[in-house]
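Peer 1: what follows is a predicted protein model with its sequence.
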Amino acid sequence: MAYILLSIITCGIYSYYFIYSIARDVNTMCREDGQKTGGLLAFILLSFVTCGFYGLYWEYKLGNRLAANAPRYGLTFQENGTSVLLWYLVGALLCGIGPWVAMHILIKNTNALAAAYNARNGL
């Protein structure tokens, strides 16, 4: 809910800060998997060049990365990148709420992984 409100109040600027933050945090929590989630600059430039398709790919890869790293922390996520992508694309037909549901899934899974990461590392 805070993501939606802050994105609206700041005319979308908060969503870019959020992408920067989530990429940084996921790269920290999942550094042992050998992958890297692209940061804000790559997200903006590649989304512009690909007419927004990179943004969808970024969310898909992030959903898959979170689901793949969940067992490392004793978690299981029912949603993965495919769930996020389906909510984004098909859910957009449901009065435009699909992208918000997709982002909710990413936020929920990132927060669960962060809580497990913090508990494991005594933070």
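Peer 2: Ah, there it is.
Peer 1: at the geometric centre of the chain, which residue sits there?
Peer 2: residue 106 (4.2 Å; Cα atoms, centre = their mean).
Peer 1: surely that residue is in contact with residue 63?
Peer 2: Yes - assessed by Cβ atoms under 8 Å, residue 106 is found in contact with residue 63 at 6.2 Å. (Glycine included, C-beta is placed from N, CA and C.)
Peer 1: anything in contact with each of these two?
Peer 2: Common neighbours of residue 106 and residue 63, counting by Cβ atoms under 8 Å, 6 or more residues apart in numbering, are residue 84.
Peer 1: how far is the worst-scoring helix or strand of the chain on mean pLDDT from where the chain is centred?
Peer 2: When each helix and strand of the chain is scored by mean pLDDT, DSSP states H and E, helix 2-9 comes last, with a mean of 88. In terms of Cα atoms, centre = their mean, to the nearest Å, the centre of helix 2-9 is found 16 Å from the chain centre.
Peer 1: can you map out the helices along this structure?
Peer 2: With DSSP state H, the ranges of helices along the chain come out as 2-9, 13-29, 40-49, 53-69, 81-89, 98-120.
Peer 1: I'd like those laid out as TSV, including distance to residue 75.
Peer 2: TSV is the format used below for the helices of the chain (distance: least, Cβ to Cβ, whole Å):
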stretch	distance to residue 75
helix 2-9	21
helix 13-29	11
helix 40-49	25
helix 53-69	9
helix 81-89	15
helix 98-120	6
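Peer 1: and the angle from the least confident helix or strand of the chain to helix 13-29?
Peer 2: 140 degrees (axes from the mean of the first three to the mean of the last three Cα atoms, to 10 degrees).
Peer 1: now helix 2-9 and helix 98-120, what's the angle there?
Peer 2: Between helix 2-9 and helix 98-120, the angle comes out at 130 degrees (the same axes, to 10 degrees).
Peer 1: what sits up against stretch 15-26?
Peer 2: Under Cβ under 8 Å, 6+ apart, the answer for stretch 15-26 is 3, 7, 37-40, 43-44, 62, 65-66, 106-107, 110, 113-114.
Peer 1: Produce a PyMOL select command limited to the buried residues of those residues.
Peer 2: In PyMOL syntax, the buried subset of the contacts of stretch 15-26 is picked out as below (16 or more other Cβ atoms under 10 Å):
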select buried, resi 7+37+38+40+43+62+65+66+106+110+113+114
